[in-house]
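K.L.:
here is my input; please provide its structure:
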Amino acid sequence: MMNRVKIAALFLCIVAVLPASAQEKGNFSLPRKVANVEVLDLAGKPARLPYWGEKNLMIFYVDPDHHKQNEDFTYELEQNHRAQSDEIYGFGVMNLKDAPMVPNGMARSMARKRTETNGATVLADQDRTLSRAWELGDCNNQFVLLFVNKKGELVFLRKGPLSEADKEAFYKVLDTYK
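P.N.:
The predicted structure follows:
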């Protein structure tokens, strides 16, 4: 779930295909403009998404109950350094509202301990603020992979376990913005 990757680039020709359930609801069309939101840092203080408008953002929006859902993918990203770029910044946002069995303070504390050793940036969303503001729909029990360009456009979105096709589509978007 935690990521240690910084990422980059330009161009928005690549539009990824969304999961069928999102398309059926008609809630998504990409790219689309989204706004920076205020969530919490790991100390519980209000925080905005980092580098908004300055860098392209790779965001892991994760339900703590399912933080290992795409562990192979996040490990692969870390090992292959493919997302590393001065133009891209990657970080995690914990979707705490959809993890009612994990106390918010405990989740933030555990993440704080982990980020002390790996240097990752992790924020906490206690009220589905990001999900509601960006109209992501149901994110419960899901690892959500998002990519927002410097213009504040959501250009990539996948929920749940990533298929090989999802990963390939993500890498195409990633390479476009390096």
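K.L.:
where do the strands sit along this protein?
P.N.:
32-33, 38-40, 46-48, 56-62, 88-95, 122-125, 143-148, 153-159 (DSSP state E).
K.L.:
what about residue 131, neighbour count?
P.N.:
Using other C-beta atoms under 10 Å, the number of residues around residue 131 comes to 21. Backbone N, C-alpha and C define where each C-beta goes, glycine included.
K.L.:
measure the nearest residue to it once chain neighbours are set aside to residue 168 for me?
P.N.:
Nearest residue to residue 131, sequence neighbours excluded (C-beta to C-beta, 6 or more residues apart in numbering): residue 139, at 5.0 Å. Here residue 139 is placed at a distance of 23 Å from residue 168 (C-beta to C-beta, to the nearest Å).
K.L.:
with neighbour numbers in mind, choose between these two.
P.N.:
Using other C-beta under 10 Å, the more surrounded residue of residue 139 and residue 168 is residue 139, with 21 against 11.
K.L.:
is it true that that one touches residue 132?
P.N.:
No - with contacts counted by C-beta atoms under 8 Å, residue 139 stays clear of residue 132, the gap being 10.0 Å.
K.L.:
pull up the overlap in contacts between those two.
P.N.:
Shared contacts of residue 139 and residue 132 (C-beta atoms under 8 Å, 6 or more residues apart in numbering): none.
K.L.:
okay, now the unreliable bits of this protein?
P.N.:
Residues of the chain meeting the criterion pLDDT under 70: 1-28.
K.L.:
mind listing the helices for this protein?
P.N.:
In the chain, the segments counted as helices under DSSP state H are 20-25, 71-80, 104-118, 129-133, 164-176.
K.L.:
okay if I get these as a markdown table plus distance to residue 53?
P.N.:
Converted to a markdown table, those look like this (distance: least, C-beta to C-beta, whole Å):
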| stretch | distance to residue 53 |
| --- | --- |
| helix 20-25 | 26 |
| helix 71-80 | 23 |
| helix 104-118 | 24 |
| helix 129-133 | 16 |
| helix 164-176 | 18 |
